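Enquirer: Sequence first, then the predicted structure, then my questions.
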Amino acid sequence: MDMKSNKSSPVITDPPPLDKSRLGIRSGRLPYSQSGALFSSGMYIPLPRKKPGKLDDDRTNGWLDAMKSSSPPRKKLLVDLSFGFASDDTDTAYSSWMVKYPSALNSFEEISNFAKNKKVVLFLDYDGTLSPIVDDPDRAFMSDEMRSSVKNLVKYFPTAIISGRSRDKVYELVGLAELYYAGSHGMDIMGPMHEVCSNFCSSPHKQDKEVILFQPAREFLPMIDEVFKTLVEITGDIKGAKVESHKFCASIHYRNVDKNNWPTIAQCVHDILKNYPCLCLTHGRKVLEVRPVIDWNKGKAVEFLLESLGLRNRDDVLPIYIGDDKTDEDAFRVLRKKNRGYGIIVSSVPKETDAFYSLRDPSEVMQFLESLVKWKEQNEL
């Protein structure tokens with residue numbers, strides 16, 4: 001089995017130790033007081049309610065540059081940095097890129113051979129992976145066929161959705177109670193009760209048929225809510241701008257904003273965040289995301305869920321993470337480290353990634369998931 005970088009098979013190793021007694025409680029990883037809420041209304045710095053002017057420092061200009069590069073035109077000159085290959089032919093450039101990141105469909109026999117006698121665990125992003133990227137994020141619906149494929153997948157493999165969206169929103173969009181859900185880039189984790197209770201002696205917080213497992217940024221909720229409301233107010237006059245609350249983070253979509261107004265978006269975010277040193281900015285596909293400054297991301301969520309499922313300290317586990325966004329790279333790096341498992345990037349254009357394999361779009365993701373189910377069914381006969 002060739003794992004690209006060192007020609008060796010992945011070895012499942014332990015994730016960092018996690019204290020089960022803290023499930024659903026403030027994280028011991030945070031350098032903040034555990035005795036109560038960190039932020040009170042009296043501690044907030046008043047925000048300016050003025051309209052933003054021109055970009056006023058290098059930091060904001062850096063944000064603007066990142067905005068411009070976060071979703072490049074598909075017809076631009078494509079360069080594969082690894083092979084030094086440049087071409088105006090998208091198909092040729094993509095084929096060259098796939099030499100390093102081969103199709104997970106074409107490599108399925110290779111993947112399934114290594115997965116024999118191992119417990120496969122699936123981690124899936126939502127937007128761009130289970131659903132197409134669309135102009136209106138509220139209309140990023142997964143198809144009935146994709147939902148059926150995921151439902152069949154869960155019959156054989158532990159499966160989690162790890163999304164930048166709020167946990168409640170992605171749960172509403174997917175609509176399958178059998179899954180684990182990690183919203184807000186892994187800062188809000190929930191699992192099905194029957195699965196969770198079989199893995200934990202303590203009783204996590206119950207919510208209907210699901211169990212809240214972990215919320216490492218709970219102290220930040222009042223601050224994120226205030227920033228969200230301020231973003232809505234300050235971007236209200238910018239045509240096409242859309243602000244979403246993901247509970248533990250807030251996003252500003254500029255996909256439908258005229259490029260001439262992108263500097264205004266960048267300045268709006270700058271004006272707000274300079275007053276919140278405990279918050280940081282990250283970038284996605286034509287979206288800016290404000291989130292707490294804590295050592296937590298989708299990769300940490302993968303490690304936590306593996307621990308929660310009782311799958312650490314075992315060499316018979318194969319985690320597979322499928323995602324399309326920059327934020328998924330944290331999970332890819334976790335799996336690449338010490339060859340723990342496989343990261344699969346979903347992209348129709350070449351891009352730098354820490355994944356091992358690639359899929360072109362959600363339709364290929366569905367084919368891959370269906371292939372896993374068929375392989376498992378055949379092996380159980």
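Expert: Now that the structure is in, tell me what you want to look at. Residues are numbered from 1 along each chain as shown.
Enquirer: Tell me the backbone dihedrals of the nearest residue to Phe368 once chain neighbours are set aside, please.
Expert: Spatially, and ignoring its direct neighbours in sequence, Phe368 is nearest to Ala104 (5.4 Å; C-beta to C-beta, 6 or more residues apart in numbering). Bear in mind the C-beta positions are built from the backbone N, C-alpha and C, glycine included. Dihedral angles of Ala104 (phi, psi; degrees, to the nearest 10) stand at phi -70, psi -20.
Enquirer: and what of Ile189?
Expert: Torsion angles at Ile189 (phi, psi; degrees, to the nearest 10) stand at phi -110, psi 130.
Enquirer: Report the beta-bridge partners for it.
Expert: Ile189 has the following beta-bridge partners by DSSP bridges: Ala182, Phe214.
Enquirer: where are the low-confidence patches of the stretch 101-250 of the chain?
Expert: The model of the stretch 101-250 of the chain has pLDDT under 70 over residues 193-210.
Enquirer: As a check, name the ranges of all strands in it.
Expert: 119-124, 159-162, 180-183, 188-192, 205-207, 210-214, 242-245, 250-253 (DSSP state E, counting those that start in this stretch).
Enquirer: could these be laid out in CSV, adding distance to Ile234 and mean neighbour count?
Expert: CSV is the format used below for the strands of the stretch 101-250 of the chain (distance: least, C-beta to C-beta, whole Å; neighbours: other C-beta atoms under 10 Å):
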stretch, distance to Ile234, mean neighbour count
strand 119-124, 34, 22
strand 159-162, 30, 25
strand 180-183, 25, 26
strand 188-192, 25, 24
strand 205-207, 33, 12
strand 210-214, 32, 22
strand 242-245, 9, 20
strand 250-253, 10, 24
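Enquirer: Redo these as JSON lines? Include distance to Phe108.
Expert: As requested, those are arranged in JSON lines below (distance: least, C-beta to C-beta, whole Å):
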{"stretch": "strand 119-124", "distance to Phe108": "13"}
{"stretch": "strand 159-162", "distance to Phe108": "18"}
{"stretch": "strand 180-183", "distance to Phe108": "24"}
{"stretch": "strand 188-192", "distance to Phe108": "28"}
{"stretch": "strand 205-207", "distance to Phe108": "37"}
{"stretch": "strand 210-214", "distance to Phe108": "31"}
{"stretch": "strand 242-245", "distance to Phe108": "36"}
{"stretch": "strand 250-253", "distance to Phe108": "34"}
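Enquirer: Could you say which one of the ones you listed comes nearest to Lys337?
Expert: strand 119-124 (15.0 Å; C-beta to C-beta).
Enquirer: Give the partner strands of that closest one in its sheet and their orientations.
Expert: Assessed with DSSP bridges, strand 119-124 is paired to strand 159-162 (parallel), strand 317-323 (parallel).
Enquirer: Make a markdown table out of these and add distance to Gln267.
Expert: Formatted as a markdown table, those follow (distance: least, C-beta to C-beta, whole Å):
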| stretch | distance to Gln267 |
| --- | --- |
| strand 159-162 | 31 |
| strand 317-323 | 30 |
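Enquirer: Show me the one of these that comes nearest His185.
Expert: Comparing those by their distance to His185 (C-beta to C-beta), the top pick is strand 159-162, with 7.6 Å.
Enquirer: Now do that closest one: distance to the chain's middle.
Expert: Distance, stretch centre to chain centre, for strand 159-162: 10 Å (C-alpha atoms, centre = their mean, to the nearest Å).
Enquirer: Show me the helices in this protein, by range?
Expert: Applying DSSP state H to the chain gives helices spanning 58-69, 90-100, 108-115, 144-154, 167-174, 193-197, 221-234, 262-273, 298-308, 329-336, 362-380.
Enquirer: CA atoms only for stretch 236-251, dumped as CSV, please.
Expert: The C-alpha trace of stretch 236-251 is given here as CSV (Å, rounded to 0.1, in the frame of the first residue of the first chain):
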residue,chain,number,x,y,z
GLY,A,236,-26.6,46.0,6.0
ASP,A,237,-26.1,48.5,3.2
ILE,A,238,-23.7,46.3,1.2
LYS,A,239,-25.7,44.7,-1.6
GLY,A,240,-25.2,40.9,-1.7
ALA,A,241,-23.5,40.6,1.7
LYS,A,242,-24.9,37.9,3.9
VAL,A,243,-24.0,37.3,7.5
GLU,A,244,-24.7,33.9,9.2
SER,A,245,-24.6,32.9,12.8
HIS,A,246,-23.0,29.4,13.3
LYS,A,247,-23.4,29.7,17.1
PHE,A,248,-19.7,29.4,17.9
CYS,A,249,-18.6,31.5,14.9
ALA,A,250,-20.0,34.0,12.5
SER,A,251,-19.5,34.1,8.7
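Enquirer: which residues does the closest residue to Phe123 other than its chain neighbours bridge with?
Expert: Spatial nearest neighbour of Phe123, chain neighbours left out: Tyr321 (4.2 Å); criterion: C-beta to C-beta, 6+ apart. Per DSSP bridges, the residues bridged to Tyr321 are Phe123, Gly343.
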